[in-house]
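Participant: sequence first, predicted model second:
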Amino acid sequence: MTSYWRQDAPSNLVELAVGKCLIAEMDQDRWTTLAELTGTKDQTHKHPRLLRALRFGDDDYDGHVYEMVPIILGAEVTWGEPYSSQDVQTRFPRLAMVADFIDLPAWLALNEPDLYERLLSDDGNQATLPDGTVLSQAEAIAVRLGVAEMRRQVERIRRDYASDPEAAIGQAKELIESTCKTILDITGDSDEKHDVPALVKQTLLHLGLDPSQVTSGPDERAAKRLLGGVASILTGAAELRNARGTGHGRSGAELVNPSVARMAVGVVLPAVIFLIESWEALVAMPSEPPLADSVPVIAARIGGTLRHETYGEGQVLNSEATRHGTVVSVDFGPRIGKRRVLIHGK
């Protein structure tokens, strides 16, 4: 079985994973071999502390390992500088070589299963996962609105996208329903008896985005087509879920074509983001929360990952309940380090 790097794998978590494995597995001979393999003999052997700290078991060894990680991986940016928006194998040209040398997938599966799940996939179809920007934006929206169910639905889409397309379509449909009900509930304009097509219609009318509400003008025809497309995407995904997705127990029904599942989920996410952003603009809500109120998107499970508005994704080390929320210690990787984050509410 081959493991594939997820398209949305965060670079800081890749560095964290590689660093953890190097710290656990490397001795001086293996460092020498890895240096020759990656062409980093000078940086490795001339490092003032790396091998010496290893030899004497000094406390600063871990930090020096993390300093070497981007060098070994062939990163073009210098330590402390942010990465541009690229997939991890472009950012780290020697990632595959290093991961193979240290048996990184196997080590993560045995020692850091949550990191493995976040960074790697057993299915090559994962390479076509909706890019991390769209997923992250959908997660951030759920945080701004404080709707835990929306957060769970986005994370389940991330989990099931390649391995269980029927479940991913089901979660996409539930996300549409949660989005519409959230917008209408907040305004007191909800009807729980509506099915999804009716909810979508009511939401578009409420936001002034129904094609029938487009006023005359030079762009009227194009605007009507685009808005009609949004409605078709959202209702079509719900109909696909009813026919092939989870939730209705259609035993014996032909499994949905994986490419259709990827297409459906891939277009639903931007459409949902469009609805929420339109609603926020309508009610003049701030698009970003104040930094002090930044909270993670993914549940704070020890060993799992969470997303912070400023620091990105990190691995949860521990948590402690307080009167004012849960304080979570998170390792955001060597470039950011460990931070404590206060999560308000559940």
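Facilitator: Alright, I've got the coordinates.
Participant: flag every buried residue along the longest strand seen in the chain.
Facilitator: The longest strand of the chain (DSSP state E) is strand 312-322. For strand 312-322, the neighbour count (16 or more other Cβ atoms under 10 Å) marks G312, E313, G314, Q315, V316, S319 as buried. To be clear about C-beta, it is placed using only N, CA and C from the backbone, and glycine gets the same treatment.
Participant: go ahead and name everything in contact with it.
Facilitator: The contact list for strand 312-322 (Cβ atoms under 8 Å, 6 or more residues apart in numbering) reads 10, 12-13, 16, 112, 114-115, 118, 298, 300-308, 326-333, 336, 338-339, 342.
Participant: mind listing what that strand pairs with, with the direction of each?
Facilitator: Paired strands of strand 312-322, with direction, are strand 305-308 (antiparallel), strand 325-331 (antiparallel) (DSSP bridges).
Participant: from the middle of its chain, how far away would it be?
Facilitator: Counting by Cα atoms, centre = their mean, to the nearest Å, strand 312-322 is centred 16 Å from the centre of its parent chain.
Participant: for the strands paired with strand 312-322, which has the smallest mean pLDDT value?
Facilitator: Per-stretch mean pLDDT for the strands paired with strand 312-322 is lowest at strand 305-308 (a mean of 80).
Participant: got the domain ranges for this protein?
Facilitator: Per automatic domain parsing, the structural domains of the chain span 4-123, 132-283, 291-343.
Participant: kindly export the worst-scoring helix or strand of the chain on mean pLDDT (C-alpha atoms) in PDB.
Facilitator: Between all helices and strands in the chain, the lowest mean by mean pLDDT, DSSP states H and E belongs to helix 132-145, at a mean of 70. Extracted C-alpha coordinates of helix 132-145, given in PDB (Å, rounded to 0.1, in the frame of the first residue of the first chain):
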ATOM      1  CA  GLY A 132      -6.800  23.700   1.600                       C
ATOM      2  CA  THR A 133      -7.700  27.300   1.000                       C
ATOM      3  CA  VAL A 134     -11.400  26.400   0.300                       C
ATOM      4  CA  LEU A 135     -11.600  23.900   3.200                       C
ATOM      5  CA  SER A 136      -9.900  26.400   5.600                       C
ATOM      6  CA  GLN A 137     -12.200  29.200   4.600                       C
ATOM      7  CA  ALA A 138     -15.200  27.000   5.200                       C
ATOM      8  CA  GLU A 139     -13.900  26.000   8.600                       C
ATOM      9  CA  ALA A 140     -13.100  29.600   9.500                       C
ATOM     10  CA  ILE A 141     -16.700  30.600   8.600                       C
ATOM     11  CA  ALA A 142     -18.000  27.900  10.900                       C
ATOM     12  CA  VAL A 143     -15.900  29.400  13.700                       C
ATOM     13  CA  ARG A 144     -17.100  33.000  13.000                       C
ATOM     14  CA  LEU A 145     -20.700  31.800  13.200                       C
END
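Participant: check which helices and strands it sits against.
Facilitator: Other elements packing on helix 132-145 under the criterion 3 or more Cβ pairs under 8 Å, 6 or more residues apart in numbering; DSSP states H and E are helix 148-160, helix 258-283, strand 305-308.
Participant: hmm, back to that, lowest pLDDT pick from the buried residues of strand 312-322?
Facilitator: In terms of pLDDT, G312 ranks lowest among those, with 80.
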